[in-house]
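Engineer: compute the structure for the input listed below.
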Amino acid sequence: MYACLHAPGNLPLLLECARGFSPHIEENPPDSVIFDARGLEKLHGPAHSLAREIECRIGIPASIAIASNPDSALHAARGFRGITVIPAGQEAAALAALPLNLLHGSPQTAELLHLWGIHTFGDFGKLPPLGVAARLGEEGLHLQRLARGEGYRQLRPLLDPLEFEEEMELDDPVEELEPLSFVLARLLNEVCARLDAHSLATNEIRLHLTLENAPVHNTILRLPVPMHDPRAFLKMLQLELNSNPPPAPVLKVRLRAEPIKPRPTQKGFFVPPAPEPEKLEVTVARVKHLVGAGRVGTPELSNSHRPDAWTLKASLLAGGAGDSACLSEPRSDVRPDVRLSLRRYRPPRHVQVLIVNHQPIRLASPSIGGRIVMAKGPWRTSGEWWKSGDSGTEAAWNRDEWDVALESGALYRVFEELGSRRWFIEGSYD
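Structural biologist: You can find the predicted model right below:
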């Protein structure tokens, strides 16, 4: 089942209406559009109901035809006004009254048929095929099949470039964020609607603001997971522009989204619920607005031998909501009652240590102190001594580590900085 829309001078509106029903669309300039309507009866009912739904959505006077093949639907839409539904097997009778000029044959063939007194699809279809082939050749046979409604071909689909970009030039310069938010909301809704129509999402949004007597102000919103929620995007852009506002009034707004496939997730019956990625990312954006962009992230161990070396990774949603892969079952070969964890003090606490015969025997600090009943060490660690300059002085380390047990039963790790001869408590064991 194929549907054809025909309205002279309104091809863009026809294309927009057809995209709301099917992704398989063929453009027939200058005034017709055909789309694949197979399967739509489950959503809109029989062919007559589908035709009425198309008529309601198109918004302009148009001829609508539904037939079993694209060519029959095209000829019916161009030849009949209003709604035309051709049942399968009745194409020849339905198209019989149409004039032959709708077939768009060559001028020589059209002139010869006119001399024969053939003026309609029905007259042409009644001619013997062997005689038509002998006098008109292959073109004549093809045109006769179309006149009988027997033509069948695949649609030549219209391939739109996957560019999701919208822009708006403002009538007056905009200085405040609130009126600019209305413009951003409109552009985001249009871009996200196009993403949804193609079953896509985005993980990067680029905002370009053309300013008055100032360079272009660019804002890039990078997302850890693909999303397509315009309200979440708007809130994150508002927070970003509030932290880094444009230095001059805005004259033009251009917004672009990078398309990407949505992230498939599967939730389990026994997996605890997690925040939705959209809501969690908005919360992260609010925290960044309060504390600064470089102070929010996920701690990640660095590829270094430096004790407690870590960096802050910007992406907070890796393995986000609904991803059961981030959950792990407890190992059966590990006894849950046997564990020794070091709880680090950040920063390490300064402590005074009494040394006798190169062994620490007492700790003294405002919060921790006592006699050492057992000490193991020292274990010397050092690294990045090859780095020079100010940053190299801060990066290099050279120290001796000890694990000590106090008479109170507490276990600590202490270390001595060999350069300054100062002692610190790195953490406690539990």
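
Engineer: and the helices in the stretch 51-200 of the chain?
Structural biologist: In the stretch 51-200 of the chain, helices defined by DSSP state H, counting those that start in this stretch lie at 70-79, 91-95, 107-116, 121-125, 129-147, 177-197, listed in chain order.

Engineer: and if you look at the stretch 251-400 of the chain?
Structural biologist: Secondary structure of the stretch 251-400 of the chain by DSSP H, counting those that start in this stretch: the helices cover 277-291, 389-395.

Engineer: helices and strands around the longest one, which ones?
Structural biologist: Counting by 3 or more CB pairs under 8 Å, 6 or more residues apart in numbering; DSSP states H and E, the packing neighbours recorded for helix 277-291 are strand 217-227, helix 230-243. Every residue, glycine included, has its C-beta placed from N, CA and C.

Engineer: coming back round to it: among the helices of the stretch 251-400 of the chain, show the one with the smallest mean pLDDT.
Structural biologist: Here the lowest mean pLDDT among the helices of the stretch 251-400 of the chain goes to helix 389-395, at a mean of 50.

Engineer: sorry, back to before: among the helices and strands packed on helix 277-291, which comes closest to Glu169?
Structural biologist: strand 217-227 (15.4 Å; CB to CB).

Engineer: would you mark the buried spots in the closest one?
Structural biologist: By neighbour count on 16 or more other CB atoms under 10 Å, the buried set for strand 217-227 is His217, Thr219, Leu221, Leu223, Pro224, Val225, Pro226, Met227.

Engineer: could you list the paired strands of that strand along with their orientation?
Structural biologist: strand 201-211 (antiparallel) (DSSP bridges).

Engineer: need the residues that contact the partner strand.
Structural biologist: Contacts to strand 201-211, defined as CB atoms under 8 Å, 6 or more residues apart in numbering, come from residues 164, 184, 191, 195, 216-228, 233, 237, 246-263.

Engineer: what about Gly117, distance to Asp123?
Structural biologist: Gly117 is 8 Å from Asp123, where distance means CB to CB, to the nearest Å.

Engineer: if you could redo that for Gly370, that was the one I meant.
Structural biologist: For Gly370, the distance to Asp123 - CB to CB - is 113 Å.

Engineer: please apply the same query to Arg380.
Structural biologist: 104 Å.

Engineer: again, but for Ile355
Structural biologist: 116 Å.

Engineer: those two: which is more packed in?
Structural biologist: The residue with more neighbours, out of Ile355 and Asp123 and counting by other CB atoms under 10 Å, is Asp123; that gives 15 against 11.

Engineer: next up, the contacts around Glu169.
Structural biologist: Residues near Glu169 by CB under 8 Å, 6+ apart: Leu251, Lys252.

Engineer: so Arg78 makes contact with Pro8?
Structural biologist: No. Using CB atoms under 8 Å, Arg78 is not in contact with Pro8, being 9.8 Å away.

Engineer: buried only: go through the contacts of strand 201-211 for me.
Structural biologist: By 16+ other CB under 10 Å, the contacts of strand 201-211 give 164, 184, 191, 195, 217, 219, 221, 223-228, 233, 237, 246, 248-260, 263 as buried.

Engineer: quick one, phi psi at the nearest residue to Asp36 once chain neighbours are set aside?
Structural biologist: With sequence-adjacent residues excluded and distances taken as CB to CB, 6 or more residues apart in numbering, Asp36 is closest to His24, at 4.0 Å. Main-chain torsions, His24, degrees, to the nearest 10: phi -100, psi 100.
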